[in-house]
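using only what follows, build the 3D model:
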Amino acid sequence: MELKLNKPLCFFDLEATGTNVAKDRIVEISILKIFPNGNRESKTWLVNPTVPISKEVVAVHGITNEKVANEPTFKELAPTVYEMIKGCDLAGYNSNRYDIPLLAEEMLRAGVDFDMKNSLAVDVQTIFHKMEQRTLSAAYKFYCGKDLEGAHGAEVDTMATFEVLKSQLDRYEDQLQNDVKWLSSFTSRKECADIAGLIVFDKKGREVFSFGKHKGKSVEDILDQEPGYFGWFQNADFPLYTKKVLTAIKLRKLNTKLK
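Modelled structure (predicted):
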């Protein structure tokens with residue numbers, strides 16, 4: 001089944017120096033852009049992360065420090081990558097919890113004002129887990145009937161994710177809707193104010209913290225009750241996108257008081 005799109009949908013996959021969104025860096029990025037008319041555009045870049053890649057991580061994706069030593073940094077690539085995904089919805093495998101938050105961090109570090117407010121996100125892994133409970137390699141075998149050769153390579157994983165989603169739409173034709181907005185809602189976790197899920201919306205639509213000692217508490221209330229918390233948060237090791245959202249909440253509250 002071909003995807004029904006109202007605007008381009010970019011499937012993408014990242015390989016990185018680790019799994020810490022706030023600290024780790026991208027070493028490879030692959031994007032497969034699907035246009036509403038069915039046309040495709042594909043780009044893959046190796047990236048110099050400017051920090052060492054550990055042997056443990058190299059053992060997973062095979063990208064060594066030597067391999068990326070002469071490649072462009074993400075800051076150098078950011079304008080090109082952003083131009084390719086700008087105005088598009090995004091899709092990936094475990095992308096809501098990892099790839100999109102990491103991409104946002106790298107974009108913000110590079111000075112690109114990355115924002116997901118007008119973009120939808122489809123996480124193919126979530127569809128798979130809700131339907132079958134498997135890994136990407138197993139998903140590819142299960143849905144596409146083929147072995148995934150070269151897993152943990154960004155380009156291979158990106159193409160496999162695209163093929164898996166199309167096969168999922170065929171297999172679950174009566175249960176899934178061929179609509180990016182519906183798929184985004186189906187694959188989303190608890191509605192988040194940020195990307196990393198550290199600030200979420202409660203049943204009343206208020207932003208609340210989802211972690212730590214203030215878990216479940218209103219962000220606005222905490223900023224009022226503990227004036228120093230904002231400064232601590234901004235100086236701590238939290239994702240840049242989350243800090244951006246917290247700043248927006250603080251400014252919104254300040255502007256409300258001034259009116």
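
wait, a helix at residue 27?
No - counting by DSSP: H, G, I helix; E, B strand; the rest coil, residue 27 is not part of a helix but strand.

how much space between it and residue 106?
Separation of residue 27 from residue 106 (Cβ to Cβ, to the nearest Å): 11 Å. To be clear about C-beta, it is placed using only N, CA and C from the backbone, and glycine gets the same treatment.

over to residue 3?
Per Cβ to Cβ, residue 3 is found 26 Å from residue 106.

can you give me the helices for this structure?
Using DSSP state H, the helices of the chain run over residues 55-61, 65-68, 74-85, 100-109, 124-131, 136-139, 154-171, 180-187, 219-225, 227-235, 240-258.

quick one: distance of the fifth one to the chain centre.
In this case it means helix 124-131. Chain-centre distance of helix 124-131: 16 Å, with Cα atoms, centre = their mean, to the nearest Å.

ok so, going back, nearest to residue 11, of the helices of the chain?
helix 154-171 (4.8 Å; Cβ to Cβ).

related to what we said a few turns ago, ok, residue 3 and residue 106, which is more surrounded?
residue 106 (27 against 19; other Cβ atoms under 10 Å).

can I assume the more buried one is in contact with residue 74?
Yes - counting by Cβ atoms under 8 Å, residue 106 touches residue 74, with 4.8 Å between them.

so what sits against both of the two?
Residues touching both residue 106 and residue 74 by Cβ atoms under 8 Å, 6 or more residues apart in numbering: 25-26.

poorly predicted segments of the chain, please.
Across the chain, the ranges flagged by pLDDT under 70 are 133-134, 189-190, 257-259.

quick one: residues contacting the residue nearest the centre of the chain.
The C-alpha lying nearest the average C-alpha coordinate of the chain belongs to residue 100 (Cα atoms, centre = their mean; 1.3 Å). Neighbouring residues of residue 100 by Cβ under 8 Å, 6+ apart: 90, 92, 116, 121, 195.

likewise residue 176?
Here residue 176 is in contact with 127, 168-169, 182-183, 186 (Cβ under 8 Å, 6+ apart).

rerun that using 7 Å as the cut-off
Counting by Cβ atoms under 7 Å, 6 or more residues apart in numbering, residue 176 makes contact with 168-169.

next: residue 216.
Neighbouring residues of residue 216 by Cβ under 7 Å, 6+ apart: residue 208.

and it, how far is that from residue 207?
Distance of residue 216 to residue 207, computed by Cβ to Cβ: 12 Å.

ok, residue 237 next?
In terms of Cβ to Cβ, residue 237 sits 21 Å off from residue 207.

which of the two has more neighbours?
Comparing residue 237 with residue 207 by neighbour count (other Cβ under 10 Å), the higher total belongs to residue 207, at 20 against 7.
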